[in-house]
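build me a structure from this.
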Amino acid sequence: MARFLRPLLRGTTYTRLLHLWVPMLLQSVWMFVDMSKPWVPALVLVPVGLLPAVRMGEGVQARLLLTPGQEDPGISVTPSANWRDRIRTVLWLELRMFLGWVTSAASVWLPLIAVELARCGWGHTPSGMPWPARLEPHPAYALLIPLPLLALYAVVVGLGALATVCARRLLGPSAAERLAALEERTEQLLERTRIARELHDSIGHALTVAVVQAGAARAAGDPEFTERALDAIEETGRAALKDLERVLGVLRESERPVSSRPTLAEADRLLESARASGAEVDAEVTGAVDALSGPVSREGYRILQEALTNVLRHAGSVPVQVRLAVVAGGLTLEVRNPLPAGMSGAGRGSGLRGIRERAALLGGSARTGPVEGHWRVRVELPLD
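Next comes the predicted model:
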């Protein structure tokens, strides 16, 4: 019984009822003008529903009254973009008026029927208002009192739920709107993935440099080397903090431009950081790196950063060859270092996977693995 009465305790039930009653205001005003033509308001709704802004207004009303508090009610609040949306809006207006008429009539007559049945059962002569003919008083009519009340319950609860379902079908997002929402969701997921990579590359590189520097300083036992190591750790840490602050800024401000991200024009910072960690970096740059497009230059920087981080993390202070070549076909980036003992298979870490994913997103390719006793990361990116 409590479950049966629960819908009557919800505010949504009555906001839906109010939503169905609103069209009856227009009908009531028209009845004062010409009672002989009650169909005129329904006819007027046809050209009204063809106005693009009407769909937006109906969507706002439906969200507020039919689905209050729902995060994603499945009802659009944008103007009509094509004739399909306009026709769906017209159908919704006509259906809403019909359901409003049924709800209003039931809300008036069903309680009156219950009252008349009660009067007949109590022994009074009914007024005869809801009936085509008068009823004779009889106690048996009291047993019929729950029937109009159950019908009223079905109208109040059932038609409100039906109106909500119809609103989602007729005022719901069109195919173009669903596609746009899907594209926006995809962009958000890609942005989150990019931010995760940014944090992995930047913070992972800084921590690797700090660990290698600290270990080398402890093993060397040279105050001068220790001083240089501390300077390198401090510089790398400051750069990582800047990257972290920038990435957090992107999280706080989704529309922030990506132009502040580091590019290959700042590759010297990475090379000096690797040298300060004890690696012998032999770098060769060919072509106009500064003329690279933003996406290629930014992703190339992160790929180089991850490649150098992997060298320091897995091989330590070893000779590293870095080759950057910008030619007519694209950018070629290659990082090569002696293969550590016991390492022979292809890498499966998230860093190498991130390098391959970055290259694939730009339409390029990445190959990582052992080559002639060296570990090689070779990435080719198109210029466009």
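
the helix ranked longest in the chain - contacts with which helices or strands?
In the chain, with assignment by DSSP state H, the single longest helix is helix 175-220. Applying 3 or more Cβ pairs under 8 Å, 6 or more residues apart in numbering; DSSP states H and E, we find helix 175-220 packed against helix 223-252, helix 267-276, helix 294-314, helix 350-361. C-beta: built from backbone N, CA, C; applies to glycine.

quickly, which of those helices bottoms out on average pLDDT?
Ranked by mean pLDDT, the helices and strands packed on helix 175-220 end with helix 223-252 at the bottom, a mean of 73.

so what's the residue count around residue 289?
Neighbour count of residue 289, defined by other Cβ atoms under 10 Å: 17.

then residue 288?
Residues near residue 288, counting by other Cβ under 10 Å: 8.

which residues touch it?
residue 326 (Cβ atoms under 8 Å, 6 or more residues apart in numbering).

if I look at it, how far off is residue 268?
The gap separating residue 288 from residue 268 is 16 Å, by Cβ to Cβ, to the nearest Å.

now tabulate the helices and strands packed on helix 175-220 in JSON lines and tack on mean neighbour count and distance to residue 157.
Below are these laid out as JSON lines (neighbours: other Cβ atoms under 10 Å; distance: least, Cβ to Cβ, whole Å):
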{"stretch": "helix 223-252", "mean neighbour count": "15", "distance to residue 157": "43"}
{"stretch": "helix 267-276", "mean neighbour count": "19", "distance to residue 157": "66"}
{"stretch": "helix 294-314", "mean neighbour count": "23", "distance to residue 157": "55"}
{"stretch": "helix 350-361", "mean neighbour count": "18", "distance to residue 157": "51"}
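
redo these as a markdown table? Include distance to residue 111.
Formatted as a markdown table, the helices and strands packed on helix 175-220 follow (distance: least, Cβ to Cβ, whole Å):
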| stretch | distance to residue 111 |
| --- | --- |
| helix 223-252 | 55 |
| helix 267-276 | 79 |
| helix 294-314 | 68 |
| helix 350-361 | 65 |
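
and the chain, what are its domains?
2-173, 179-382 (automatic domain parsing).

which stretch in those domains has the least confidence?
Among the domains of the chain, domain 179-382 has the lowest mean pLDDT, at a mean of 78.

just give me how far that one sits from the chain centre.
29 Å (Cα atoms, centre = their mean, to the nearest Å).

cool, stretch 154-172 as well?
The answer for stretch 154-172 is 26 Å, by Cα atoms, centre = their mean.

what lies in contact with it?
Contacts for stretch 154-172 (Cβ under 8 Å, 6+ apart): 7-8, 12-13, 16-17, 19-20, 55, 58-59, 62, 66-67, 73-76, 88-89, 91-92, 95-96, 99, 102-103, 106-107, 110.

show me just the buried residues among these.
By neighbour count, with 16 or more other Cβ atoms under 10 Å, these hold 12-13, 16-17, 19-20, 55, 58-59, 62, 66-67, 73-76, 88-89, 92, 95-96, 99, 103, 106-107, 110 as buried.

helices of the stretch 1-150 of the chain, start to end?
Listed in chain order, the helices of the stretch 1-150 of the chain (DSSP state H, counting those that start in this stretch) span 2-5, 11-21, 23-33, 40-49, 52-65, 83-122, 146-153.

so what touches the last one?
Read it as helix 146-153. With Cβ under 8 Å, 6+ apart as the criterion, helix 146-153 contacts 8, 106-107, 110-111, 113-114, 117.

okay, the angle between it and helix 83-122?
In terms of direction (axes from the mean of the first three to the mean of the last three Cα atoms, to 10 degrees), helix 146-153 departs from helix 83-122 by 160 degrees.

I'd like the next helix or strand past helix 146-153.
Next along the chain after helix 146-153, taking DSSP states H and E as the criterion, comes helix 159-170.

mind listing what's buried along that following helix?
159-160, 163-164, 166-168, 170.

then stretch 19-31?
Quick answer for stretch 19-31 (16+ other Cβ under 10 Å): 19-20, 23-24, 26-27, 30.

for these, which one is nearest residue 273?
Closest approach to residue 273 among the buried residues of stretch 19-31 (Cβ to Cβ): residue 19, at 63.2 Å.

was I right about the closest one contacting residue 62?
Yes: Residue 19 lies in contact with residue 62 (Cβ atoms under 8 Å); the separation is 7.2 Å.

contacts only, for residue 58.
89, 92-93, 96, 171.

what pairs with the strand or helix carrying residue 336, and is each one parallel or antiparallel?
Assigned by DSSP H and E, residue 336 belongs to strand 330-338. Strand 330-338 sits in its sheet next to strand 319-326 (antiparallel), strand 374-382 (antiparallel), going by DSSP bridges.
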